[in-house]
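A.B. asks: Got a sequence here, can you model it:
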Amino acid sequence: LLLRAGNLDYLIGDYLAEITMGLLARMKKESTISSNQNKSTSMGQGGFIGSFVTTVWKPLMKQLLRRRIKVVTNAGGLNPYGLAQELIRLTKEAGLEPPIVAVVQGDDLLNRIEEFQKNKNFYTFDDTDTIHNLNEMNPQILKENIKLLSSNAYLGAKPIADCLNAGAQVVITGRCVDSALVLGPLLHEFRDIPAWKNVQDPNHWNLLASASLAGHIIECGCHATGGNFTDWQICSDWYNVGFPIAECYPDGSVIITKGENTGGLVTTATVSEQIVYEIGDPAAYYLPDVIVDLRDVVVEQVDKDKVLVKGAKGKPPTKFYKVSSTYSDGWKLTADLLISGFHAKQKALKVADSILMRANFLLSSRNLATFDETNVEIIGAEHIFGANASIEAQNSREVVLRISVRHQSIEGLKMFGAEVPPAALSMAPGITGASSGTPRPQPYIYHLSNLVPKNVVNVELILLNSKNSLAPRIYDEQYETIIETSLLDQSNKSDLDDTLVNTLKSNDLITVPLIQLCLARSGDKGDSANIGIIARHPILFQFLKQNLTAKKVHKYMQHFVNGKVLRYEIPGLNAFNFLLTNSLGGGGLSSLRIDRQGKAYGQILLTMPIDIPSNLLSFIAPFSSKL
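C.D. replies: Predicted coordinates for the structure are as follows:
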């Protein structure tokens, strides 16, 4: 990327997901920061992301410093100051003059949660909630047996901008919203433009929304340049796929592109898929700096691998930070066995039942409780498709049996793990190991989402290798926030003109898979999953408004959904967002499922059969289930 983007101003590194924070917390608990901290693991010894050191800073520092490319990253994780010190040490070790490195910290609230609970400043929050005013919030008191591993506020972009304004070339944060890594630099670069600095300007919040959208598009790297793309067959050279580049302009418009001579592609489709990824209500995408309205966003192909994005609207933010916390609640273990031959699925189910019965018998004989939770999946027999699994898959002659269990004691899980290898000798024929060795217990990490008022969070800004200093501050500007939500499923209403109604009418119906009508991308928000659906043509969008309802999606995905399905419309993209609540078995590190983040949900939904009028055939994509 650096070699192929000659005018690069900033290198952005987004590393932190909810799962990542849980893993960092677990590793930090299990290890101590030693004198050889420079021997960083991929997750970072001591709480930061070690791979940022080994794959970014070490190999690229000379180019970054020579070309004066600024770096903004949240790779600091639970220890941003430690990462900053490491970068300076490595730079000196390479014989180079270290840059000014800024640290943003204050997001770590682990030692303050008891204080917040006492003062009723710690509120319950679900990722599907709207953020109400203070009088409607419910204070949360954690149970006494819950010992938090981590608790971090999602900070915004202004601390990053303040560090850049003070001369920092590298800014390292802990937890912040992903989009802040882009909005922060733009607040710095455009700080002298009235509409960017004056909150009274009628376009101010729209500009912040547009910049935040740019951050949302590039935050997952190659997701915007052909990675995880529905029409993957037209995407070339994955081995050399280019990272996304955002060209941002003072008027709020953004062009998404990639480095020259890199693989992948940038089209309105690849960018649209990323826009609808991991969102809730598109009318109210809550960030600490702005509430973004995505409904009127439009994308335009302006050149090869160049897509113009515009139309985001913004409103003033709320008075809260979202807080993500983790705690350990027992242990979990997953075992895999490859099972082959005729009736492989049936053999796998019987083996799973027998292993669990045997393990429960042993637990009982030692006066230990039974498992808190178990989960059996038959990989290769379309287990994740539920009742929609194909007959061919049901008769697969090769499957992987995956058994996951949770228990309060390591001893209980070790008993289970010891019973897995003997299955190859004492149970069904055609069993062999699918993984190496006896499975090992791992801590079961539970995730919580809460809110805290911004005015109780003191953000510390530290400049290393600089004569300047910045005072800690509270980022708590008060604005009047207008909460607006999208209209939900409107399939019972018709706003179609007569010509379109006639186009969609036909007695000659043809059944096709949904993938011929639209693209999809799915992801997680806590224990809820979102599936963004983008129609391949405006006519198809109008058809799907009437025919792809929340009720139909719920029925097709019912084997996952323990809550409800909400449908939101995004007319500018000819898109919908379906939110499936309580659908991930706890989500993230709290789930025993193989797809604990809903990454496969979009592809599953695209297999849904749908009846279309024959006169829509000219608008759909050709498709064959066999290559």
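A.B. asks: Now do the same contact list for Thr374.
C.D. replies: Thr374 is in contact with 356, 403-406, 592, counting by Cβ atoms under 8 Å, 6 or more residues apart in numbering. (Each C-beta comes from the backbone N, C-alpha and C, glycine too.)
A.B. asks: let's see it at 10 Å
C.D. replies: Taking Cβ atoms under 10 Å, 6 or more residues apart in numbering, we find Thr374 in contact with 352, 356, 359-360, 403-407, 416, 592.
A.B. asks: closest to Ile245 among these?
C.D. replies: Closest approach to Ile245 among the contacts of Thr374 (Cβ to Cβ): Leu592, at 38.8 Å.
A.B. asks: what about that closest one, how many residues close to it?
C.D. replies: 22 (other Cβ atoms under 10 Å).
A.B. asks: ok so it is a strand residue?
C.D. replies: No: assessed with DSSP: H, G, I helix; E, B strand; the rest coil, Leu592 is coil; it does not lie in a strand.
A.B. asks: Inside helices: which ones of the contacts of Thr374?
C.D. replies: Counting by DSSP state H, the part of the contacts of Thr374 found in helices is 352, 356, 359-360, 416.
A.B. asks: In TSV: these, plus neighbour count and distance to Val71.
C.D. replies: What follows is these, written out as TSV (neighbours: other Cβ atoms under 10 Å; distance: Cβ to Cβ, whole Å):
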residue	neighbour count	distance to Val71
Ala352	23	48
Leu356	18	50
Ala359	24	49
Asn360	19	53
Phe416	24	45
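A.B. asks: just checking, Thr225 touches Pro244?
C.D. replies: Yes: assessed by Cβ atoms under 10 Å, Thr225 is found in contact with Pro244 at 5.2 Å.
A.B. asks: Common neighbours of those two, please.
C.D. replies: Residues touching both Thr225 and Pro244 by Cβ under 10 Å, 6+ apart: 218, 256-259, 264, 266, 270-271, 274.
A.B. asks: Which two of those residues have the greatest separation?
C.D. replies: Across these, the longest distance by Cβ to Cβ is 17.4 Å; it joins Gly259 and Gln274.
A.B. asks: more neighbours, the two?
C.D. replies: Taking other Cβ under 10 Å, Gly259 and Gln274 do not tie; Gln274 has more neighbours (25 against 21).
A.B. asks: count of residues packed around the closest residue in space to that one that isn't next to it in sequence?
C.D. replies: The shortest distance from Gln274 to any non-neighbouring residue, by Cβ to Cβ, 6 or more residues apart in numbering, is to Ala224 (4.5 Å). Look at Ala224: counted by other Cβ under 10 Å, it has 31 neighbours.
A.B. asks: and Ala224, what is it in contact with?
C.D. replies: Taking Cβ under 10 Å, 6+ apart as the test, what Ala224 contacts is 216-218, 242-246, 256-258, 264, 266, 270-275, 277, 307.
A.B. asks: Now the two most distant members of the ones in helices among the contacts of Thr374.
C.D. replies: Across the ones in helices among the contacts of Thr374 (Cβ to Cβ), the longest gap, 12.5 Å, separates Ala352 and Asn360.
A.B. asks: ok so Leu78 is a strand residue?
C.D. replies: No: Leu78: not assigned to a strand; according to three-state DSSP it is coil.
A.B. asks: what about it, neighbour count?
C.D. replies: For Leu78, the count of nearby residues is 25 (other Cβ under 10 Å).
A.B. asks: For it, give its distance to Ala389.
C.D. replies: 41 Å (Cβ to Cβ, to the nearest Å).
A.B. asks: On the three-state scheme, Leu337 is what?
C.D. replies: When classified by three-state DSSP, Leu337 comes out as strand.
A.B. asks: Mind pulling up the pLDDT for it?
C.D. replies: Looking at Leu337, its pLDDT stands at 94.
A.B. asks: for this structure, what helix or strand is lowest in average pLDDT?
C.D. replies: Every helix and strand in the chain was compared by mean pLDDT, DSSP states H and E; the lowest is helix 498-504, with a mean of 62.
A.B. asks: By neighbours, which of the shared contacts of Thr225 and Pro244 wins?
C.D. replies: Highest neighbour count within the shared contacts of Thr225 and Pro244, by other Cβ under 10 Å: Thr270, with 30 neighbours.
A.B. asks: pretty sure it is in a helix, no?
C.D. replies: Yes: per three-state DSSP, Thr270 lies within a helix segment.
A.B. asks: So it is in contact with Thr230, correct?
C.D. replies: Yes: if you go by Cβ under 10 Å, Thr270 and Thr230 touch, sitting 9.2 Å apart.
A.B. asks: tell me, what's touching the two both at once?
C.D. replies: 519, 521.
A.B. asks: For the nearest residue to Ile604 once chain neighbours are set aside, give me phi and psi.
C.D. replies: Among residues not flanking Ile604 along the chain, Phe385 sits closest, at 6.0 Å (Cβ to Cβ, 6+ apart). Backbone torsions of Phe385, given as degrees, to the nearest 10, read phi -90, psi -10.
A.B. asks: Can you lay out the contacts of Thr374 as JSON lines showing distance to Lys158 and pLDDT?
C.D. replies: JSON lines is the format used below for the contacts of Thr374 (distance: Cβ to Cβ, whole Å; pLDDT from 0 to 100):
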{"residue": "Ala352", "distance to Lys158": "52", "pLDDT": "97"}
{"residue": "Leu356", "distance to Lys158": "52", "pLDDT": "96"}
{"residue": "Ala359", "distance to Lys158": "53", "pLDDT": "95"}
{"residue": "Asn360", "distance to Lys158": "54", "pLDDT": "94"}
{"residue": "Ile403", "distance to Lys158": "48", "pLDDT": "96"}
{"residue": "Ser404", "distance to Lys158": "42", "pLDDT": "96"}
{"residue": "Val405", "distance to Lys158": "45", "pLDDT": "97"}
{"residue": "Arg406", "distance to Lys158": "41", "pLDDT": "96"}
{"residue": "His407", "distance to Lys158": "45", "pLDDT": "96"}
{"residue": "Phe416", "distance to Lys158": "49", "pLDDT": "93"}
{"residue": "Leu592", "distance to Lys158": "39", "pLDDT": "95"}
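A.B. asks: Adding distance to Asn138, write the residues you listed out as JSON lines.
C.D. replies: Shown next, in JSON lines, are the contacts of Thr374 (distance: Cβ to Cβ, whole Å):
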{"residue": "Ala352", "distance to Asn138": "40"}
{"residue": "Leu356", "distance to Asn138": "38"}
{"residue": "Ala359", "distance to Asn138": "39"}
{"residue": "Asn360", "distance to Asn138": "38"}
{"residue": "Ile403", "distance to Asn138": "37"}
{"residue": "Ser404", "distance to Asn138": "32"}
{"residue": "Val405", "distance to Asn138": "33"}
{"residue": "Arg406", "distance to Asn138": "28"}
{"residue": "His407", "distance to Asn138": "31"}
{"residue": "Phe416", "distance to Asn138": "38"}
{"residue": "Leu592", "distance to Asn138": "29"}
